[in-house]
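S.K.: Sharing a model prediction with you, sequence too.
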Amino acid sequence: MPAQQSTLPSARASADRRACAGPPGAALRRRAADATVWYLRLIAVLNIAAVLSLPFRHEVDEHNNGRLTLHLHRQHAHHSGEFFTPYLATAGLVSAALAIFFVLVMRRRKRAAWVVNVVLSTPLFALYVLALTQHEYRAHAFNWVSAALTGLFVAALLISRREFDAIGDPSNPRLALAVGVGGVAVTGALGTLLVHVTNKLPGATLADEMAYTLLRGISVGPLADQVTAVHASRWTDIVINVLLAAAFCLVLYAGFRSPRGRRLLSAEDESRLRGLLDRHGARDSLGYFSLRRDKMAIFSPTGKAAVTYRVVGGVSLASGDPIGDPEAWPGAIDAWLTEARQHAWTPAVMGASEEAGTVYARHGLDALELGDEAIVDIADFTLEGRAMRVVRQAHNRVRRAGYTVRVRRHEDIPADEMALLIDRADHWRDGTTERGFSMALGRLGDPADGRCVMLECRDADDVPRALLSFVPWGEQGLSLDLMRRDRDAENGLMEFMVVELLLRASDLKVDRVSLNFAMFRSVFERGSRLGAGPVLRLWHATLTFFSRWWQIESLYRANAKYRPIWEPRYLLFARSSDIPRIGLASARAEGFLTVPWGS
């Protein structure tokens with residue numbers, strides 16, 4: 001996204017400095033851990049290439065440990081012999097899936113993945129060393145290479161042991177066992193049925209077909225040819241291998257998944273956060289949204305700052321700035337990042353300010369500018385002047401139609417009236433899902449939120465037609481939380497209500513109001529200017545196209561009419577490769593994407 005380059009200091013250099021400044025041996029352990037990941041990547045590529053090139057490659061055979069070995073047919077008998085392959089190197093999709101999955105979990109430094117690799121590779125290496133004492137094995141250089149690669153992998157695992165400290169969910173073993181049993185039963189039944197239908201030889205028993213299915217699930221090579229009563233079609237072999245690989249992936253996911261982070265905001269945490277907001281809430285317009293009860297909070301050692309977050313799809317997703325004293329922010333950020341590492345969660349922050357982004361960058365996170373928050377300074381707002389002519393005319397038109405606005409604190413609204421407003425808000429909601437995470441409170445009318453401000457718009461017949469709700473931003477600010485309107489009402493109600501609030505803000509002792517967040521605002525502002533570069537123009541055209549469905553540009557235009565101050569907000573992340581995953585987690589957290597299996 002060239003038009004949205006971060007203006008924050010680069011975090012990569014500081015992260016590299018911290019990596020080099022660790023205790024003795026730390027750099028070696030990190031390099032060894034990275035080496036195990038690269039080995040698994042290479043093996044995954046080779047396995048997939050072997051499967052795809054099956055008709056054109058040499059035949060494969062099994063060595064006595066159950067792993068595929070390359071069987072090279074020589075023209076002369078004295079060149080024949082037994083071969084074995086490096087750890088996890090086979091010609092099957094199951095091994096490829098295992099290697100790919102290990103790449104993912106080893107990158108996240110999961111202890112369980114380290115243990116499984118040690119348990120699998122160490123005995124295999126010992127077996128290879130024993131095999132090399134026999135002439136038929138040591139006569140081939142390929143076996144020495146296989147043993148050396150496997151030995152180096154084992155050595156890298158042992159050296160990097162302390163790097164793999166991320167824990168899994170305690171329920172993983174039971175879930176993996178259940179998924180494994182179910183997966184083998186389903187794929188075995190389907191595979192056996194396919195073998196029965198496509199078998200070209202007569203007289204095969206059910207046991208023969210089941211054995212063939214099991215062996216073909218392990219390899220697409222000649223391993224299953226040992227069942228002489230079965231000769232199925234090639235596409236059946238591939239389908240069985242793919243089915244078992246898919247089932248195996250589900251077992252791996254169940255066995256190595258990160259903890260879900262089900263612990264939500266407790267009453268004690270909420271009380272502590274409210275205390276921090278009372279003292280430091282004026283720093284961040286998004287601070288009050290940290291009180292969402294579907295978030296978790298982690299505090300600095302001094303208790304003077306906290307990071308609030310939610311775990312979604314293995315992403316520890318924080319929002320806004322840390323709460324509390326900026327001098328204590330590093331302690332809260334360290335605690336949050338440490339917890340994320342311990343549970344193999346991917347750390348990310350949505351909507352951080354430039355000040356907080358700079359602090360996060362010192363802890364190794366990179367930044368990408370997401371867009372800008374529209375903030376109106378009450379002292380500078382006026383309806384006078386040519387620039388405000390459109391807003392002024394829309395405001396006057398709605399007012400002449402008989403619409404009125406009532407502005408009250410939530411604590412001043414009687415219970416029966418609040419119940420009616422909540423019912424109207426639910427009725428006017430677009431869809432059944434309550435959207436919002438980083439810039440929405442997710443509840444309306446809670447007694448604990450009495451300082452929130454409600455704007456209620458009624459028509460000439462005194463019928464409710466729209467409402468706005470704002471959360472406190474310190475003592476003298478408001479931040480937009482909720483916008484709902486009757487779609488059959490007069491156009492321009494939202495603008496009318498916002499203007500009414502800005503004109504009456506002094507009665508509420510409010511001097512600044514945060515409105516909507518405009519994603520990629522600078523692209524729309526600069527992309528159509530004279531002299532814009534080709535990349536910026538292309539990015540502008542792309543966003544304009546998608547704005548037909550997601551209202552990206554219209555939201556920017558709707559905010560720009562109030563002549564606000566634009567404050568940039570950033571996405572913070574540890575690795576660029578994590579951005580797609582973070583994007584999906586953010587879409588789920590904000591309510592734009594739902595999945596059947598929950599968080």
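M.R.: Received the coordinates, thanks. Numbers count the residues shown, from 1 in each chain.

S.K.: only C-alpha atoms for contact and neighbour calcs from this point on.
M.R.: Fine.

S.K.: Show me the strands in this protein, by range?
M.R.: In chain order, the chain shows strands spanning 60-62, 68-70, 296-299, 305-312, 315-319, 323-324, 346-352, 366-377, 404-409, 453-458, 464-472, 477-485, 512-519, 565-573, with DSSP state E as the criterion.

S.K.: Just say which of these is most tucked in.
M.R.: strand 323-324 (a mean of 29; mean count of other C-alpha atoms under 10 Å).

S.K.: mind putting the strands of the chain in CSV, mean pLDDT and distance to Phe102 included?
M.R.: Rendered in CSV, the data for the strands of the chain read as follows (pLDDT from 0 to 100; distance: least, C-alpha to C-alpha, whole Å):
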stretch, mean pLDDT, distance to Phe102
strand 60-62, 39, 23
strand 68-70, 34, 19
strand 296-299, 93, 29
strand 305-312, 92, 21
strand 315-319, 92, 18
strand 323-324, 95, 37
strand 346-352, 93, 16
strand 366-377, 90, 26
strand 404-409, 94, 54
strand 453-458, 94, 51
strand 464-472, 93, 45
strand 477-485, 92, 42
strand 512-519, 86, 36
strand 565-573, 92, 22
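
S.K.: so where is the stretch 451-599 of the chain shaky, pLDDT-wise?
M.R.: Judged by pLDDT under 70, the stretch 451-599 of the chain has its weakly predicted residues at 523-533, 535-536, 539-540, 543-554, 593-599.

S.K.: how about the helices of it, start to end?
M.R.: 493-504, 521-527, 534-550, 552-560, 579-590 (DSSP state H, counting those that start in this stretch).

S.K.: ok, and the closest non-adjacent residue to Leu243?
M.R.: If the residues on either side of it in the chain are set aside, Leu243 comes closest to Thr187, at 6.0 Å by C-alpha to C-alpha, 6 or more residues apart in numbering.

S.K.: In this structure the one you found contacts Ala246, no?
M.R.: No. Under the contact definition of C-alpha atoms under 8 Å, Thr187 does not touch Ala246, with a separation of 9.1 Å.

S.K.: if we can go back for a sec, check the spacing between the residue nearest to Leu243 and Leu383 real quick.
M.R.: Taken as C-alpha to C-alpha, to the nearest Å, the spacing of Thr187 relative to Leu383 amounts to 69 Å.

S.K.: same check, this time on Phe496
M.R.: Using C-alpha to C-alpha, one gets 12 Å for the distance from Phe496 to Leu383.

S.K.: who's more crowded, the two?
M.R.: Each of Phe496 and Leu383 has its neighbours counted (other C-alpha atoms under 10 Å); Phe496 has more, 22 against 16.

S.K.: re the thing from before, same list (the strands of the chain) but as a markdown table, adding distance to Thr150.
M.R.: Formatted as a markdown table, the strands of the chain follow (distance: least, C-alpha to C-alpha, whole Å):
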| stretch | distance to Thr150 |
| --- | --- |
| strand 60-62 | 17 |
| strand 68-70 | 14 |
| strand 296-299 | 42 |
| strand 305-312 | 36 |
| strand 315-319 | 33 |
| strand 323-324 | 49 |
| strand 346-352 | 30 |
| strand 366-377 | 36 |
| strand 404-409 | 69 |
| strand 453-458 | 66 |
| strand 464-472 | 59 |
| strand 477-485 | 57 |
| strand 512-519 | 49 |
| strand 565-573 | 34 |
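
S.K.: just so I know, which of these lies nearest Val179?
M.R.: With respect to Val179, and counting by C-alpha to C-alpha, the nearest of the strands of the chain is strand 305-312 at 21.9 Å.

S.K.: neighbouring contacts of the closest one?
M.R.: Taking C-alpha atoms under 8 Å, 6 or more residues apart in numbering as the criterion, the residues outside strand 305-312 that touch it are 260-261, 273, 276, 290, 294-300, 316-319, 321-326, 328-329, 331-333, 336, 345, 585-586, 588-589, 599.

S.K.: mind redoing it with 6 Å?
M.R.: Residues lying outside strand 305-312 but in contact with it, judged by C-alpha atoms under 6 Å, 6 or more residues apart in numbering, are 261, 290, 295-300, 316-318, 322-325, 328-329, 332, 585, 599.

S.K.: Give me the distance between the closest residue to Val239 other than its chain neighbours and Ala247.
M.R.: For Val239, ignoring the flanking residues on the chain, the nearest one in space by C-alpha to C-alpha, 6+ apart is Gly191 at 7.9 Å. In this structure, Gly191 and Ala247 are 12 Å apart, going by C-alpha to C-alpha.

S.K.: Looking at the two, which one has more neighbours?
M.R.: Here Gly191 and Ala247 are set side by side on neighbour count (other C-alpha under 10 Å), and the busier one is Gly191, at 26 against 22.

S.K.: pretty sure that one contacts Ile240?
M.R.: Yes. Assessed by C-alpha atoms under 6 Å, Gly191 is found in contact with Ile240 at 5.4 Å.

S.K.: thinking again about what came up before, now do the residue nearest to Leu243, the pLDDT please.
M.R.: If you check Thr187, the pLDDT there is 84.

S.K.: do Arg107 as well
M.R.: At Arg107 the predicted local confidence, pLDDT, stands at 84.

S.K.: And the one 4 residues further on, by the same measure?
M.R.: In the prediction, the pLDDT value recorded for Arg111 is 81.

S.K.: cool, and the one 3 residues further on?
M.R.: Reading off the confidence values, Trp114 has pLDDT 89.

S.K.: now swap in His427 and tell me
M.R.: Reading off the confidence values, His427 has pLDDT 88.

S.K.: how many neighbours does it have?
M.R.: Neighbour count of His427, defined by other C-alpha under 10 Å: 14.

S.K.: mind checking how far it is from Met439?
M.R.: For His427, the distance to Met439 under the criterion C-alpha to C-alpha works out to 21 Å.

S.K.: what does Asp462 give?
M.R.: 31 Å.

S.K.: How about Val115?
M.R.: Using C-alpha to C-alpha, one obtains 41 Å as the distance from Val115 to Met439.

S.K.: Among the two, which residue is more densely surrounded?
M.R.: Remark: of Val115 and Met439, Met439 carries more neighbours, 24 against 13, as counted by other C-alpha under 10 Å.

S.K.: Identify the residues contacting the residue nearest to Arg279 when sequence neighbours are not counted.
M.R.: If you skip the residues right next to it in sequence, Arg279 has Gly324 as its closest partner in space, 7.4 Å away by C-alpha to C-alpha, 6+ apart. Applying C-alpha under 6 Å, 6+ apart, we find Gly324 in contact with Leu276, His280, Lys304, Ala305.

S.K.: Return the member of these nearest to Ala419.
M.R.: Comparing the contacts of Gly324 against Ala419 with C-alpha to C-alpha picks out Leu276 as the nearest, at 30.0 Å.

S.K.: Just give the closest residue to Ser506, not the sequence neighbours.
M.R.: The shortest distance from Ser506 to any residue that is not its chain neighbour, by C-alpha to C-alpha, 6+ apart, is 8.0 Å, and that residue is Ile378.

S.K.: how many neighbours does the one you found have?
M.R.: Neighbours of Ile378 using other C-alpha under 10 Å come to 19.

S.K.: Could you do the one 4 residues further on as well?
M.R.: Residues near Thr382, counting by other C-alpha under 10 Å, number 14.

S.K.: Repeat that for Val51.
M.R.: One way to gauge burial is a neighbour count; for Val51, by other C-alpha under 10 Å, it gives 19.

S.K.: for Lys304, same thing?
M.R.: Taking other C-alpha under 10 Å as the neighbour definition, Lys304 ends up with a count of 21.

S.K.: Out of the contacts of Gly324, list just those in helices.
M.R.: Counting by DSSP state H, the members of the contacts of Gly324 that fall within helices are Leu276, His280.

S.K.: Switch the contacts of Gly324 over to a markdown table; also include distance to Thr404.
M.R.: Compiled in a markdown table, these are given as follows (distance: C-alpha to C-alpha, whole Å):
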| residue | distance to Thr404 |
| --- | --- |
| Leu276 | 37 |
| His280 | 35 |
| Lys304 | 44 |
| Ala305 | 42 |
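
S.K.: and which of the contacts of Gly324 is nearest to Tyr128?
M.R.: Within these, distances to Tyr128 taken as C-alpha to C-alpha reach their minimum at Ala305, with 54.9 Å.
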